[in-house]
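fold the following.
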Amino acid sequence: MRAPAFWQRSGILSTLLAPVGSLYGWAAAARLRQPGKSAGVPVICVGNPTLGGAGKTPTALAIGRLLLAAGERPFFLSRGYGGSARGPVLVEARWHRAAEVGDESLLLARVAPTIVARNRPAGAEVARAQGASVIVMDDGFQNPSLAKNFSVLVIDGRRGIGNGRVFPAGPLRAPLEIQLMRAQAVVVVGEIAAAAPILAKADMLGLPVFHGRLEPDAQALAALAGKDVLAFAGIADPEKFFATLVAAGIRIAARREFADHHRYSAEDAARLIAEAERCGLVPVTTEKDLVRMSGDPGTAALRARALGLPVRLALERETEFQSLVLSAIRSRRP
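This next block holds a predicted model:
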């Protein structure tokens, strides 16, 4: 979801909503304390303490690649947000579309087998039956239905935790300290200035913190070099995408924002194509947006013209992070 501006600062509106946030936080904290069902194999959960995009999917993908490099057979487990499938269903990129299984699961399936399931324990059963040695959950930290063996909280370093209040008064999904107490590591993506409060709390709790950055694909950047672009995105934080382009030296002549998980219509596609052609611009968007347009005849022309910008999470102290993850999951095996 797109975060309202008042979540970034304390003000009248957030103060008025604070009592509701207290009740919501109490209920969310109670849910976090509930024991979940065992999956029968180790479960790694990638979540974030706030609503809105923080970099969960790039982090999940990075963990999946680390596990593959260590000889594990990871399966991703996703709710399939934005898709109609309730699951459990094994994602097949050849015929599944984002409208069915969500855009994130299609990106995950490029790296490792991916199960979409609204019912997490049922999805975990399918993953285990299919031969998973470890399950990586993309989101679901606040969902208590499945027991987690290792949880990573991902923070957008540019936005941090906003005003530090619980929804709807602020962006937190539950009281911060309670969430940190249920995690085994914190990953801060991007700059760390706004993440100072959570870093201080993590340090107080002895929670390891790792810094990461989203690195755009070099080949994609080379294709955009020297060109003026029309940048468009339908993700939780389009500004993060635009900032990535600017930091890479790409000239943005026009930018268009859409709602998170926006399903592009034929009219959207026609408008973007017309603007790009009128101004002599190259349309560029995120991998998620391109995946969402895949298989839709109404957006086929835009997908053919638009360039995607794949990004990967590069972790500092990656070896230490990998060791922490492997130690946690292997110590929990029979």
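
give me the neighbour count for residue 282.
Residue 282: 18 surrounding residues under other Cβ atoms under 10 Å. Heads up, the C-betas are built off the backbone N, CA and C, glycines and all.

now swap in residue 34 and tell me
With other Cβ under 10 Å as criterion, residue 34 counts 10.

how about it, what does it touch?
residue 144 (Cβ atoms under 8 Å, 6 or more residues apart in numbering).

pretty sure it belongs to a strand, no?
No: read with DSSP: H, G, I helix; E, B strand; the rest coil, residue 34 is coil and lies in no strand.

that one and residue 142: what is the separation?
11 Å (Cβ to Cβ, to the nearest Å).

can you check residue 165 too?
According to Cβ to Cβ, residue 165 and residue 142 sit 16 Å apart.

settle it for me: which of the two has more neighbours?
When residue 165 and residue 142 are compared for neighbours, residue 165 comes out ahead with 23 against 17, by other Cβ under 10 Å.

let me see the contact set for that one.
With Cβ under 8 Å, 6+ apart, residue 165 has these contacts: 7, 10, 14, 17-18, 21, 171-172.

hmm, try it at 7 Å
Taking Cβ atoms under 7 Å, 6 or more residues apart in numbering, we find residue 165 in contact with 14, 18, 21, 172.

and residue 225, how many residues sit next to it?
Using other Cβ under 10 Å, residue 225 is surrounded by 10 other residues.

from residue 55, how far off is it?
Residue 225 is 25 Å from residue 55, by Cβ to Cβ.

what does stretch 320-334 rub up against?
By Cβ under 7 Å, 6+ apart, stretch 320-334 touches 42, 44, 63, 66, 70, 134, 149-150, 184-185, 208, 210, 315.

with just CA atoms, put that stretch into CSV.
Provided in CSV are the C-alpha atoms of stretch 320-334 (Å, rounded to 0.1, in the frame of the first residue of the first chain):
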residue,chain,number,x,y,z
GLU,A,320,28.6,-13.7,7.9
PHE,A,321,24.9,-13.4,7.0
GLN,A,322,25.0,-16.8,5.1
SER,A,323,26.7,-18.5,8.1
LEU,A,324,24.1,-17.1,10.5
VAL,A,325,21.2,-18.4,8.3
LEU,A,326,22.8,-21.8,7.6
SER,A,327,23.7,-22.3,11.3
ALA,A,328,20.1,-21.5,12.3
ILE,A,329,18.3,-23.9,9.9
ARG,A,330,20.8,-26.8,10.2
SER,A,331,20.7,-26.8,14.0
ARG,A,332,16.9,-27.3,13.9
ARG,A,333,17.0,-30.3,11.7
PRO,A,334,16.5,-33.8,13.2
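
which parts of it are buried?
321-322, 324-326, 328-329 (16 or more other Cβ atoms under 10 Å).

likewise for stretch 142-149?
Neighbour-count burial for stretch 142-149 [16+ other Cβ under 10 Å]: 142-144, 146-149.

what does stretch 267-287 give?
Buried residues in stretch 267-287 (16+ other Cβ under 10 Å): 268-269, 272-273, 275-276, 281-287.

just those residues now: which is nearest residue 293?
residue 269 (7.7 Å; Cβ to Cβ).

pLDDT averaged over the helix or strand hosting the closest one - what is it?
According to DSSP states H and E, residue 269 maps onto helix 266-279. Average pLDDT, helix 266-279: 95.

stretch 208-218 now?
Mean predicted lDDT for stretch 208-218 stands at 93.

now do it: distance to the chain's middle.
13 Å (Cα atoms, centre = their mean, to the nearest Å).

what's that stretch in contact with?
55, 58, 185-190, 192, 199, 202, 244, 248, 309-317, 321, 324.

also stretch 68-84?
60, 64, 67, 87, 98-105, 108, 112-118, 120, 123-124, 127, 130-140, 261, 322, 326.

select, from the buried residues of stretch 142-149, the two members most distant in space.
When those are compared pair by pair using Cβ to Cβ, the maximum separation belongs to 142 and 149, at 16.7 Å.

all helices for the stretch 51-200 of the chain, in order.
All helices of the stretch 51-200 of the chain, identified by DSSP state H, counting those that start in this stretch, fall at 56-69, 98-101, 103-108, 120-129, 176-181, 196-204.

so which of those helices is the most surrounded?
Compared across the helices of the stretch 51-200 of the chain, helix 103-108 shows the largest average neighbour count, a mean of 27 (mean count of other Cβ atoms under 10 Å).

what's that helix packed up against?
Contacts defined by 3 or more Cβ pairs under 7 Å, 6 or more residues apart in numbering; DSSP states H and E place helix 103-108 against helix 56-69, strand 74-78, strand 114-116, helix 287-293.

turn these into TSV, including distance to residue 253 and mean pLDDT.
Formatted as TSV, the helices and strands packed on helix 103-108 follow (distance: least, Cβ to Cβ, whole Å; pLDDT from 0 to 100):
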stretch	distance to residue 253	mean pLDDT
helix 56-69	27	95
strand 74-78	35	97
strand 114-116	36	97
helix 287-293	18	92
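
make a markdown table out of the ones you listed and add distance to residue 218.
Shown next, in a markdown table, are those (distance: least, Cβ to Cβ, whole Å):
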| stretch | distance to residue 218 |
| --- | --- |
| helix 56-69 | 16 |
| strand 74-78 | 25 |
| strand 114-116 | 26 |
| helix 287-293 | 15 |
